[in-house]
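Student: Sequence first, predicted model second:
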Amino acid sequence: MNDNQLVVQESGALMALISKAATDPSMDVAKLKELLEVKERWEAGEARKAFVRALADFKQSPPKIAKNKHVGFAARDGGAGADYWHATLDHVCDQIGEGLSRNGLSFRWETKQDDKGMIAVSCVLQHVLGHSERVTLQGMPDASGKKNSIQQVGSTVTYLQRYTLLLATGLATGVQDTDGVPPDEEPRPDPWTDELKKTAKEAAEKGRASYASWWKSQSREFREAAVETSVHADFKAME
């Protein structure tokens with residue numbers, strides 16, 4: 001008999017005693033309520049201890065989370081290229097979920113978005129006896145690249161799901177940080193070289209029309225990569 005089965009058996013025995021007491025004519029309602037509260041506190045304490053033991057057992061043989069996806073592209077317009085491997089969210093879930101299940105643990109996510117757009121994702125780690133603990137992270141929709149509004153939300157949710165799960169289980173994959181860009185998407189290189197910034201600034205200082213003319217003279221590839229950057233927004237706004 002394992003620890004979980006023992007707790008269930010002892011809880012059943014305690015409930016049998018309470019049921020027997022309930023048939024006693026001298027037992028009043030207040031006393032019966034007190035006994036039930038004692039039972040609930042005992043079960044909660046046992047569930048919490050079982051959760052701690054299960055998580056400790058899980059960490060004794062943690063899953064090996066391999067990096068299963070390659071990201072690579074050459075540098076463009078003087079920006080940096082990329083060449084690295086990372087573990088995708090579905091792969092992380094498969095590897096961690098299997099190990100948790102063997103120890104009576106499971107996970108789920110709860111997601112909320114407030115009226116300002118802030119997204120909060122909580123990873124809830126729960127034991128079969130009922131005790132659960134959670135880790136919460138939050139962030140704004142990811143507006144990098146050319147995502148529509150739904151894709152922006154989905155990108156942030158995916159990113160937060162990944163890291164709340166890793167934090168809740170105390171694991172890591174050794175994945176490179178991409179400066180806030182979700183690792184399941186290719187980070188865009190910075191299209192702005194020092195020379196481009198210099199000529200753009202000189203044009204912007206002469207007025208918006210001058211900067212607009214400079215902007216139109218650049219390559220379409222550069223304009224597509226730079227149109228949503230803060231550098232372009234700053235120059236465009238200069239008087």
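Tutor: Received it, and whenever you're ready, just let me know what you need. All figures in this text were calculated on a predicted structure; none of them were measured in a lab.
Student: Residue 65 reaches residue 90, doesn't it?
Tutor: No - using C-beta atoms under 8 Å, residue 65 makes no contact with residue 90, being 11.8 Å away. C-beta coordinates here come from the backbone N, C-alpha and C atoms, glycine included.
Student: can you pull the pLDDT of the spatially closest residue to residue 97 that is not a sequence neighbour?
Tutor: Counting by C-beta to C-beta, 6 or more residues apart in numbering, residue 97 lies nearest to residue 107, which is 7.0 Å off, once chain neighbours are set aside. Turning to residue 107, the model gives it a pLDDT of 96.
Student: show me what contacts residue 107?
Tutor: With contacts defined as C-beta atoms under 8 Å, 6 or more residues apart in numbering, residue 107 is in contact with 96, 97, 100, 123, 124, 125, 126, 165, 168, 169.
Student: So which of the residues you listed sit within helices?
Tutor: The members of these that map onto helices under DSSP state H are 96, 97, 100, 165, 168, 169.
Student: tell me the mean pLDDT over the longest helix anywhere in the chain?
Tutor: Ranked by residue count and defined by DSSP H, the top helix of the chain is helix 29-60. For helix 29-60, mean pLDDT is 84.
Student: Any buried residues in that helix, and which?
Tutor: Residues 35, 43, 46, 47, 48, 50, 51, 54, 55, 58 are the ones in helix 29-60 that count as buried (16 or more other C-beta atoms under 10 Å).
Student: swap in stretch 120-140?
Tutor: By neighbour count on 16+ other C-beta under 10 Å, the buried set for stretch 120-140 is 120-129, 131, 135, 137, 139.
Student: among those, which are in strands?
Tutor: Among the buried residues of stretch 120-140, the residues falling in strands (DSSP state E) are 120, 121, 122, 123, 124, 125, 126, 127, 135, 137, 139.
Student: Alright, calling it a day.
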